[in-house]
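Student: Show me how the following folds:
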Amino acid sequence: MSTDRITQRIDELETLLQPMQELLLAGGDIRIENGELLVSRLTAQEVSPAVKLLQQEIGQRMPVVDLTDILVEVNAWVGFTDHLPGLENAHRNEGHPTLLLASILAAGCNIPLTDMARSSGLAYQSLWWTSSNYLRDDTLKSANNALVNEHHRQGLAAYWGDGTFSSSDGQRFPVRGKIRNARALPTYFGPGKGVTMQTHSSDQYVQYGSKVVPATLRDATVVLDEIVGNETDLRIAEHTTDTAGYTDIIFALFDLLNLSFCPRIRDLGDQKLSKIKGKEWIYPDLRFTGTVNPDYIRRH
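Tutor: Model prediction:
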């Protein structure tokens, strides 16, 4: 990190400390009580009767369609199956489009191929062969990118956000069989094993990245992976996580990449505040328990 960048950050911190002290003294939603930092919970916003009526009218206008029909129609718009090439020796037969969409549906809904074969009338061996040859990490990512880009181009998506803000979270799922990333975690899986599905979603409510990691891994370890590896038209500039996606070093890594990081940290009052070595700051309501050495950062 350059000396100018470090100096800029120190100046910014000094500029913000006085307003922060005044905010704490004002005794509002962010305040100090009995030496403890307290942050009030956000209050839920009431939904007006007019909005509820609009929601009802929109819901009544939505057609009732099968999920399979949606897959076929969206593929006609986007052509996402064109991003699912087979292995070099894979041969597409006449029934390939149906097999491919059935395989996607089974994978997306966590339906075993045996059950999909039984309910659809398709041969299990054909479904297995299609899944093995066409549904790979690289092809699925390419197909998902095409869907995200098409969604981003829709004018309606802009009402939710501009696609520059995103969030990520990890969800734990039990698994069976020999799964490379599966780990034992009795609190969640009892005697079995499981994985964490780390997903990244934009403010336009579309998932632009996902990654399966061991269930014992802290979310913060992989929070930057899908942002740095983002190949969609989304230009992520700001990101948020819950407490599991945060560590002190994550703030630094985001800053090095010229990105903003704004996690929602639980028990904020228990977090450590650090002052800059060599700076004499007198803010009685801000308890500095750590020290940052700028010279050490410059040397490394």
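Student: and the longest helix seen in the chain, how far out from the chain's middle?
Tutor: Longest helix in the chain, counting residues (DSSP state H): helix 3-26. Relative to the centre of its chain, helix 3-26 is centred 29 Å away, using C-alpha atoms, centre = their mean, to the nearest Å.
Student: same question, stretch 246-261
Tutor: That offset, for stretch 246-261, works out to 15 Å (C-alpha atoms, centre = their mean).
Student: circling back: the longest helix of the chain - contacts with which helices or strands?
Tutor: Counting contacts by 3 or more C-beta pairs under 8 Å, 6 or more residues apart in numbering; DSSP states H and E, helix 3-26 is packed against strand 30-33, helix 294-299. Every residue, glycine included, has its C-beta placed from N, CA and C.
Student: Go again with 10 Å.
Tutor: Helices and strands touching helix 3-26, by 3 or more C-beta pairs under 10 Å, 6 or more residues apart in numbering; DSSP states H and E, are strand 30-33, helix 248-256, strand 273-276, strand 288-292, helix 294-299.
Student: Name the residues of the second one that come out as buried.
Tutor: By neighbour count, with 16 or more other C-beta atoms under 10 Å as the criterion, the buried positions of helix 248-256 are 250, 254.
Student: Name the next helix or strand downstream of it, please.
Tutor: As assigned by DSSP states H and E, the chain's next helix or strand after helix 248-256 is strand 260-261.
Student: just to revisit the earlier point, export the helices and strands packed on helix 3-26 to TSV and append columns for distance to Gln154 and mean pLDDT.
Tutor: Output for those, formatted as TSV (distance: least, C-beta to C-beta, whole Å; pLDDT from 0 to 100):
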stretch	distance to Gln154	mean pLDDT
strand 30-33	38	84
helix 248-256	29	92
strand 273-276	43	83
strand 288-292	45	83
helix 294-299	44	86
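Student: For Val74, find the nearest of those.
Tutor: Closest of the helices and strands packed on helix 3-26 to Val74 is helix 248-256, at 33.7 Å (criterion: C-beta to C-beta).
Student: Extract the C-alpha set from that closest one and format it as CSV.
Tutor: Output in CSV follows, covering the C-alpha atoms of helix 248-256 (Å, rounded to 0.1, in the frame of the first residue of the first chain):
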residue,chain,number,x,y,z
ASP,A,248,-10.4,-7.0,10.2
ILE,A,249,-8.2,-8.1,7.3
ILE,A,250,-11.2,-8.3,5.0
PHE,A,251,-11.6,-4.5,5.3
ALA,A,252,-8.0,-4.0,4.2
LEU,A,253,-8.3,-6.4,1.3
PHE,A,254,-11.5,-4.6,0.0
ASP,A,255,-9.7,-1.3,0.3
LEU,A,256,-6.7,-2.6,-1.7
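Student: so Gly177 sits right up against Gly194, yeah?
Tutor: No. When contacts are counted by C-beta atoms under 10 Å, Gly177 is not listed as touching Gly194 (11.9 Å).
Student: need the contact list for Ile111.
Tutor: 102, 105, 119-120 (C-beta atoms under 10 Å, 6 or more residues apart in numbering).
Student: Next one: it from Leu135, what distance?
Tutor: 13 Å (C-beta to C-beta, to the nearest Å).
Student: List the buried residues for the helix or strand encompassing Ser103?
Tutor: In the assignment (DSSP H and E), Ser103 maps to helix 96-108. Using 16+ other C-beta under 10 Å as the test for burial, helix 96-108 gives 96, 99-104, 106.
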